[in-house]
Each structure stands twice: as C-alpha cells, then as structure tokens.
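1. task: produce atomic coordinates for the following.
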Amino acid sequence: MLLGAAFERFVQNSPVAVMVRGLLENVLDPTTVNALFDQHAQKQYTRELLFSDLVDVMGEVVAGSYPSVNASFRARQKRLRVSRSAFYQKLNGIEPHVAATLTRATAAKLTAAVAELGGALPDLLPGYRVKILDGNCLAKTEHRLKVLRLLAAGPLPGKALVVLDPALQLVVDVFPCADGHTQERALLEQVLPTVAAQDLWIEDRNFCTLKFLFGVAARQACFVVRQHQNLPWQAVSELQFAGACAGGELWEQQVRLVHPETNAELLVRRVELRLHTPTRDGDTVIHLLSNLPPRVASARLVAQLYRERWTIEGAFQVLENALASEQPTLGYPQAGLFAFCVALVAYNVLAVVRASLRSVHGQVAEAEVSTYYLAGEVKGVYQGMMIALPETDWEPFRTMSVAQLAATLKALARHADLSRYARNRRGPKKPRPARHHCKNQPHVSTARLIANRRKKKKPSP
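-> Next comes the predicted model:
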C-alpha cells in the first residue's frame, strides 16, 4: 500500500486513528451496507438518501467527532443533497432489526480479522465458545416530541440485550427493543435461535428462566447463571463442601428443574457461594446454576466463570463514557436504538485495534492499554485527518482481504506508543467522609476555604 507524505505523518503520529478509519472503510463499505439495508428493510426503501449515509453521520457522532446528529448532518448536507426534514424522517424510521443486522454483519467480519491477527485472549473454558449476555436500558431522552412535552417522567427510548464474546472482546450480537418498559427476559425468545452446540452462556439472575435454561440445554449448549429467587427447583442431593475460593466458601449439590409446559426434567448443578463480605446489595450467599459437567468445570471454576460476567459491564462503561452510545436529543426509539447499534460497531472496531496491539506488543497491551484513551485520541485526530487526507487514500482498505487487512493493522500497530494509552492505576477507595450543612449558606467559596486551610497550616513565627 503506497502512502503519501501526509498519510505517513498520521501513521507515525497517530496510528490508532489510521487503524480505526481503515477498519471502518473495510467493514462499512457503502456497497455492502446498502445491500444489507435492501435485503433486511421491510418498511423503508431507498430513494435519494442511502443507508450508508446515515451510518456515516451517526458514526461520527458516536465517535465524538461532532457533538450532535444535527451538527454532523450540517457538515455533510451539501453532499447528501436532502433536506434536514427528510434526513430526520428516515433516521427516525430505521427499523431496529436493520440496525441489529448491521452490528451482527460487521461483528462477523471483525471476528475473522481478530482470528487472522492472532489477537484473541485465552479461552475462559477450552472447548467452549463463551458468550456473556446482559441487558442495557437506554437513558432517558429530552422531552422534544409532542407526546412528551407535558410529561415530567423520563422518556425511555428502548433497551437491548447484548452478547459479548470475552475471548474476542467483541459484541457479536444485539437484540434491540423499542419499548423501554419491556422486561429483558421477554426478549430471550429472540436469543434462543442463536444458541449453538458447545456454547457457554453466562448471564445474571434476570435471565434465569426455565424456558431459557431448557432451551440452551436442548441445543447441546451450557450455561452458568445466577439463580433467581422465584425459580422453582427440587433438591436431588445434599449440599457438600466444595472448597474455598477468593472471597468465600463453595458448596455444591444436584437439583432438578421441571419445564413448566412439557414437564420435562433437567438435572443441573447448584453451586452455593458463601461470601466473607456482603455484596453492595447486602447479599451474603450467591447461588449459581450450571449444566457444565463436573469433569469439565469444578465448583470453583463455575464461580470464576460467573465473575467474568462483569466483562460486559466494562463494555457498557466504554459505550457510555468513551462513545456517545446514548443520544438524549433523539426522542424516537428507532433513532436511539440505531445510534446504540452504530456505537456497538465503533466499540468492536476499537476492540480490533486492541487485538492488533496485542498481536504486536504482547499481552502487556491488554493489561496496560486503556480503551478510553484510544477513543480519546481518535476523537482529537479524526476530523483533521479526514480533511488532510482525501477519500481516495482510504479506498484500498475497502477491497482488502482479511489477510491483507491483518497485515496492514500489524504494520500500523508497530508505530503505536503504548505509554500514550496507559491505564491510570488508582489505589483503594477511601470511605466518603460525613458532610455537614452550613446554616443559611447554600454555597461556599472554594478559594476562601483553601486560603483558610493554608492559614491554619502556616506555622506561627
């Protein structure tokens, strides 16, 4: 790939931004993205505004290049050649399953890239493909729509179930729902058809339903799930001590589950974790259910696998803090869910950048590099890079094979200075001191408080 002098300067000074743009060109090729829309859209159709144009506009918003959708649209309005009203009409009507398909399709391409890079993390359980399932409720939006003007309650634009592959660090699937009050477990019927043999699904107690557990087992897959207090079960054996682990003691027994409709039975393991220190919710005992064979996973390993569920919470934190996955100005649920799905694509692109750094610099890149700082550099460089480098410079990325893309990413990763993206290690949290209220004084002057403290510390002559 021949690079001009301007391109080479960005490679030397911000290889991460170049990697991000190159990956976006590859996985969001307009021809492929528009074909995906034509294949899956049921109500909308293409007249003048292309689906790829909407993806580009929203991509720059979630990446932080523009503060709002309107600002991104105004920057592209001459090229889009549609009115603001027409743009928002199409944006507000994007069907959630089309947005979800965009995330799935790009995740499949990025999965192949991570495999070619050799940048996957060690499997949590060899022989199984681990998938972590959790739900995310989009934050309330502003009261911009007419139906919201007179309501004091916060309007919810929707929610989604998200599936994370912890070895790849990629969001491999998403199941959006426009109804913000829908129970997360009501979406599990959409998840079941995606369960494959030798999968290991890890989820919280909210997804501990008999139908889902039986459905996973029927597909020759396994689960590790925290037991919901309302789940009916029957003891088959007595609790037996299974050893100690970090934070508590482990006990185990075999229990029987009965399907509510077919009366079919399923024998599973019930691991009881007795904690030395209560959780933030005050729980001192946690119960886990799993159909993993004991020869494959001990009670201690089952507990360790469940702890990996917090990996997806870290992904949600990145989506919230480093990527603008929730747009408070987008009141229509379809637009809000589309923004969230595009943010998932951006998250996956950053995950592949991390995989590239791991493949070149070793596992130290996983331990020391902060995704927050990676995203921060992209925000600061992206717009200037796109002005300085013409679109023709990026076209070779669109037609690269997986092997060519991986080789290019490795070459770029060698220029990365990991110290620029190092995590900030913080010490243990100190207890919050009690605060006192000053009578008839709602505000204080910080400058005066600092000056008074210095006077007290100043030694007397």
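2. next secondary structure after the helix ranked longest in the chain?
-> Determined from DSSP state H, the single longest helix within the chain is helix 333-361. Elements were assigned by DSSP states H and E; along the chain past helix 333-361, the next helix or strand is helix 364-368.
3. show me which residues of that following helix are buried.
-> Neighbour-count burial for helix 364-368 flags residue 365 (criterion: 16 or more other C-beta atoms under 10 Å). Yep, even glycine has a C-beta here, placed from its N, CA and C like the rest.
4. what packs against the very next helix or strand once past that helix?
-> Next helix or strand after helix 364-368 toward the C-terminus (DSSP H and E): helix 371-388. Counting contacts by 3 or more C-beta pairs under 8 Å, 6 or more residues apart in numbering; DSSP states H and E, helix 371-388 packs against helix 5-13, helix 15-27, helix 310-321, helix 333-361.
5. what helix or strand is residue 135 located in?
-> Residue-wise, residue 135 maps onto strand 129-137 under DSSP H and E.
6. state the mean pLDDT of that strand.
-> Mean per-residue pLDDT for strand 129-137: 94.
7. how far off centre is that strand?
-> For strand 129-137, the gap between its own C-alpha mean and the chain's C-alpha mean amounts to 9 Å (C-alpha atoms, centre = their mean, to the nearest Å).
8. list the pairing partners of that strand within its sheet, with orientation.
-> strand 159-165 (antiparallel), strand 199-203 (parallel) (DSSP bridges).
9. and these: which comes nearest residue 400?
-> strand 159-165 (23.0 Å; C-beta to C-beta).
10. that older thread, which of the helices and strands packed on helix 371-388 is buried the deepest?
-> With neighbours taken as mean count of other C-beta atoms under 10 Å, those reach their highest mean count in helix 333-361, at a mean of 25.
11. angle of that helix against strand 159-165?
-> Angle between the axes of helix 333-361 and strand 159-165 is 20 degrees (criterion: axes from the mean of the first three to the mean of the last three C-alpha atoms, to 10 degrees).
12. phi, psi for the residue lying closest to residue 261 once chain neighbours are set aside please.
-> Take residue 261 and drop its neighbours on the chain: the residue closest to it by C-beta to C-beta, 6 or more residues apart in numbering is residue 211, 8.0 Å away. The phi and psi torsions at residue 211 (degrees, to the nearest 10) take the values phi -60, psi -40.
13. OK, contacts around residue 211?
-> 188, 259, 260, 261 (C-beta atoms under 8 Å, 6 or more residues apart in numbering).
14. hmm, back to that, the strands paired with strand 129-137: which one's closest to residue 77?
-> strand 159-165 (30.0 Å).
15. which SSE is immediately downstream of that closest one?
-> strand 170-177.
16. mean confidence for that next one?
-> 95.
17. residue 58 and residue 65, how far apart?
-> Distance, residue 58 to residue 65, using C-beta to C-beta, to the nearest Å: 11 Å.
18. more neighbours: which of those two?
-> residue 58 (29 against 19; other C-beta atoms under 10 Å).
19. shouldn't that one be in contact with residue 339?
-> Yes - here residue 58 reaches residue 339: they are 5.7 Å apart, a contact under C-beta atoms under 8 Å.
20. where do the contact lists of these two overlap?
-> In contact with both residue 58 and residue 339: residue 69, using C-beta under 8 Å, 6+ apart.
21. show me the domain layout of this structure.
-> Following automatic domain parsing, the chain resolves into domains at 1-195+309-425, 205-294.
22. closest to residue 432 out of those domains?
-> Of all these, domain 205-294 comes closest under C-beta to C-beta, at 14.0 Å.
23. straight-line length of the closest one, end to end?
-> 22 Å (C-alpha to C-alpha, to the nearest Å).
24. going forward, count from 40.
-> With 40 as the first residue, the last one maps to domain 244-333.
25. tell me which element residue 259 falls in.
-> Here residue 259 is assigned to no helix or strand, by DSSP H and E.
26. not counting its neighbours along the chain, what's nearest it?
-> residue 236 (3.9 Å).
27. tell me which residues touch that neighbour, please.
-> 258, 259, 260.
28. distance check, the first one against residue 170.
-> Distance, residue 258 to residue 170, using C-beta to C-beta: 12 Å.
29. next one: residue 127
-> For residue 127, the distance to residue 170 equals 36 Å [C-beta to C-beta].
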